[in-house]
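Peer 1: Pasting the sequence and the predicted model now:
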Amino acid sequence: MNQYVIAIDQGTTSSRAIIFDHSGTIVSSGQMEHEQIFPQAGWVEHNPAEIWNNTREVIASALSKANLTRHDIAAVGITNQRETAVVWDKTTGDAVYNAIVWQDTRTQDIVDELAKDGGPERFKQKVGLPLATYFSGTKIKWILDNVDGARAKADAGDLVFGNTDSWVLWNLTGGVDGGVHATDVTNASRTLFMDLETLSWDEEILGIFGVPLSMMPAIKSSSEVYGSVHTSQLLREVPVAGILGDQQAATFGQAAFEAGEAKNTYGTGCFLIFNTGEEIVHSKNGLLTTVGYKLGDAPTHYALEGSIAVTGSLIQWLRDNLGMISSAPEVETLAAAVEDNGGVYIVPAFSGLFAPYWRSDARGAIVGLTRFVNKNHIARAALEATAFQTREVLDAVNADSGVPLTELKVDGGMVANDALMQFQADILGVPVIRPKVVETTALGAAYAAGLAVGFWKDLGECSANWAEDKRWEPKLDKAEQDRQMRLWKKAVTKSMDWVDEDVK
């Protein structure tokens with residue numbers, strides 16, 4: 001009885017349910033991709049109903065594969081793609097518009113308008129974030145401003161907002177039949193609306209955006225019982241007891257619980273999180289200040305984050321848009337066929353540049369092309385782009401923290417790529433370490449939920465589960481490292497100042 005914890009990982013490209021045992025080992029999982037909707041250039045959407053339906057399917061799949069029932073599950077944890085905004089009618093349970101995804105750039109005009117008074121860092125001291133299309137706040141405003149009847153319904157108190165954690169939680173706990181409308185501090189810290197010190201919604205900023213306070217979910221800790229699964233669901237009466245935004249969840253799953261510890265997750269995008277402990281550190285080098293985690297009534301832990309928009313999705317682009325490969329693993333085979341990138345650098349600024357530049361006017365660029373270059377060089381340059389971007393973010397972390405990282409823990413889908421991980425170690429000049437359980441995002445959510453119900457008694461038990469799988473030591477000499485970074489930085493400048501008023 002109650003020998004396992006299940007984590008729902010609602011990600012950018014798929015939803016998964018993963019069941020873990022007490023040792024943090026995966027027992028079974030279910031996964032379903034959902035449609036990526038691109039109505040026009042720069043717009044990225046998901047269907048919230050599809051996400052919820054898939055969530056139920058993957059829970060059933062994970063339970064079925066392990067021959068388990070709800071009686072075997074001690075708690076449910078949720079982790080999610082952060083900043084992806086859903087606005088729904090709490091009386092009908094229907095979203096009023098598709099979920100607007102974190103990568104979406106349609107709200108640039110809203111950002112520009114808000115930045116006229118105080119610049120892009122107008123609210124940064126309070127919320128830790130610059131004004132950018134990335135965060136949930138501008139997406140909510142866009143929906144209220146552009147969906148017929150939405151603002152009137154919001155003012156009447158009928159509409160509510162949530163990142164996808166809140167959407168899954170609300171539906172899981174009953175939806176229109178008493179569903180819990182809440183989020184955790186890590187997700188709340190990605191909206192532009194939460195005061196980092198008080199952990200509450202800032203009514204002045206909400207007013208400036210024109211978003212009613214009544215729309216916002218209750219802010220809870222990352223590890224407490226929010227409610228129980230509704231009786232209509234497979235997991236009925238199991239407590240939902242943990243929520244962490246995906247990057248914070250991965251940090252938690254890597255057992256990076258203390259100040260000075262860090263991890264980098266290689267997924268659709270790339271996200272490096274550096275734990276600053278109970279101190280709020282305001283970046284001077286283009287990083288975000290965010291909440292790392294909060295366990296029940298214990299003190300809040302904060303973090304610096306370097307967010308890179310396009311890493312794994314660059315490989316998907318080679319596959320889906322260019323047809324250069326038929327499956328993602330092929331890119332490693334192509335890249336291995338050449339000794340170097342042939343002088344080619346790819347700057348994948350498909351959604352502008354995120355950390356440390358925050359340049360919405362940037363667009364993707366492939367530079368250094370000659371007749372010598374073939375698809376193998378392009379493949380290698382695509383992989384290397386991830387490593388170069390990570391190096392720039394890590395340089396910013398080192399500058400802000402004053403304590404250079406001596407090693408980097410890594411996770412996410414791309415860490416299976418040996419060539420990428422070796423080049424990452426080479427360009428960073430520090431060891432790169434992969435854990436045995438690479439599904440650290442789901443594991444972190446499981447830990448948060450399990451801690452709340454006593455399945456794990458403390459962080460020490462979770463730390464004891466972490467084990468090293470593979471380590472890559474740097475092999476590149478300093479002169480070559482510096483040369484490569486010089487050329488990369490030159491390539492980045494070629495991607496900037498691309499968007500004029502008449503260019504979308």
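Peer 2: The structure has been received and is ready for your questions. Numbers count the residues shown, from 1 in each chain.
Peer 1: Now do the strands in the stretch 351-500 of the chain.
Peer 2: Using DSSP state E, counting those that start in this stretch, the strands of the stretch 351-500 of the chain run over residues 365-367, 408-411, 432-435, 468-472.
Peer 1: quick one, what contacts Pro212?
Peer 2: By C-beta atoms under 8 Å, 6 or more residues apart in numbering, Pro212 lies in contact with 154-155, 157, 206. C-beta: built from backbone N, CA, C; applies to glycine.
Peer 1: Out of the strands of the stretch 351-500 of the chain, which one sits most buried?
Peer 2: strand 408-411 (a mean of 24; mean count of other C-beta atoms under 10 Å).
Peer 1: Who are the packing partners of that one?
Peer 2: When contacts are defined as 3 or more C-beta pairs under 8 Å, 6 or more residues apart in numbering; DSSP states H and E, strand 408-411 packs onto strand 262-266, helix 418-428, strand 432-435.
Peer 1: Direction included, what does that strand pair against?
Peer 2: strand 262-266 (parallel), strand 432-435 (parallel) (DSSP bridges).
Peer 1: Which residues does that strand contact?
Peer 2: For strand 408-411, using C-beta under 8 Å, 6+ apart, the contacting residues are 250, 253-254, 256, 261-266, 394, 421, 424, 428, 430-435, 438-441.
Peer 1: filter the residues you listed to the buried ones?
Peer 2: Those of these that meet the buried threshold are 250, 253-254, 256, 261-266, 394, 421, 424, 428, 430, 432-435, 438-441, by 16 or more other C-beta atoms under 10 Å.
Peer 1: Ok, which of the helices and strands packed on strand 408-411 comes nearest Ile280?
Peer 2: Nearest of these to Ile280, taken as C-beta to C-beta: strand 262-266 at 16.9 Å.
Peer 1: Gly364 is in contact with Tyr345, correct?
Peer 2: No. Shown here, Tyr345 and Gly364 do not form a contact pair, counting by C-beta atoms under 8 Å, at 11.4 Å.
Peer 1: give me the number of residues near Ser29?
Peer 2: 20 (other C-beta atoms under 10 Å).
Peer 1: before we move on, what about Ser166?
Peer 2: When neighbours are counted by other C-beta under 10 Å, Ser166 registers 28.
Peer 1: Which of the helices or strands spans it?
Peer 2: Assigned by DSSP states H and E, Ser166 belongs to helix 164-172.
Peer 1: Can you spell out which helices and strands pack onto that helix?
Peer 2: Helices and strands touching helix 164-172, by 3+ C-beta pairs under 8 Å, 6+ apart, are strand 4-10, helix 48-65, strand 73-80, strand 85-89, strand 159-163, strand 182-184, strand 239-245.
Peer 1: would you list the ones you listed in JSON lines and tack on mean pLDDT?
Peer 2: Shown next, in JSON lines, are the helices and strands packed on helix 164-172 (pLDDT from 0 to 100):
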{"stretch": "strand 4-10", "mean pLDDT": "97"}
{"stretch": "helix 48-65", "mean pLDDT": "97"}
{"stretch": "strand 73-80", "mean pLDDT": "97"}
{"stretch": "strand 85-89", "mean pLDDT": "98"}
{"stretch": "strand 159-163", "mean pLDDT": "97"}
{"stretch": "strand 182-184", "mean pLDDT": "98"}
{"stretch": "strand 239-245", "mean pLDDT": "97"}
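Peer 1: what's the closest of the ones you listed to Met485?
Peer 2: Closest approach to Met485 among the helices and strands packed on helix 164-172 (C-beta to C-beta): strand 239-245, 30.0 Å.
Peer 1: any idea which element Tyr226 lies in?
Peer 2: strand 223-228.
Peer 1: if we look at that strand, which residues are touching it?
Peer 2: Residues from elsewhere that reach strand 223-228 (C-beta under 8 Å, 6+ apart): 169, 173, 180, 182, 220, 236-243, 293-296, 448-449, 451-453.
Peer 1: tell me the contacts of Leu459?
Peer 2: Leu459 sits next to 255, 257, 451 when contact means C-beta under 8 Å, 6+ apart.
Peer 1: ok, now with 10 Å
Peer 2: 252, 255, 257-258, 295, 298, 447, 451 (C-beta atoms under 10 Å, 6 or more residues apart in numbering).
Peer 1: Which ones among those residues map onto strands?
Peer 2: Among the contacts of Leu459, no member falls in strands (criterion: DSSP state E).
Peer 1: Select only the buried ones of those in ChimeraX?
Peer 2: Here is the ChimeraX selection string for the buried members of the contacts of Leu459, based on 16+ other C-beta under 10 Å:
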select :252,255,257,295,447,451
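Peer 1: Out of the contacts of Leu459, which comes closest to Ala464?
Peer 2: Nearest to Ala464, judged by C-beta to C-beta, of the contacts of Leu459 is Ala255 at 8.6 Å.
Peer 1: contacting residues for the closest one?
Peer 2: For Ala255, the contact set (C-beta under 10 Å, 6+ apart) comprises 24, 261, 263, 409, 435, 440, 443-444, 447, 459-460, 462-466.
Peer 1: and the gap between the closest residue to Phe161 other than its chain neighbours and Gly93?
Peer 2: Distance criterion C-beta to C-beta, 6 or more residues apart in numbering; nearest residue to Phe161, sequence neighbours excluded, is Met215 at 4.6 Å. Per C-beta to C-beta, to the nearest Å, Met215 is found 15 Å from Gly93.
Peer 1: higher neighbour count, these two?
Peer 2: Between Met215 and Gly93, counting by other C-beta under 10 Å, Met215 is the more crowded of the two (23 against 17).
Peer 1: so how far is Ala85 from that one?
Peer 2: 11 Å.
Peer 1: thinking again about what came up before, buried ones among the contacts of strand 223-228?
Peer 2: 169, 173, 180, 182, 220, 238-243, 293-295, 448-449, 451-453.
Peer 1: Dump the strands of the stretch 351-500 of the chain to a markdown table, plus mean pLDDT and distance to Asn275.
Peer 2: Output for the strands of the stretch 351-500 of the chain, formatted as a markdown table (pLDDT from 0 to 100; distance: least, C-beta to C-beta, whole Å):
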| stretch | mean pLDDT | distance to Asn275 |
| --- | --- | --- |
| strand 365-367 | 94 | 34 |
| strand 408-411 | 91 | 11 |
| strand 432-435 | 93 | 16 |
| strand 468-472 | 94 | 19 |
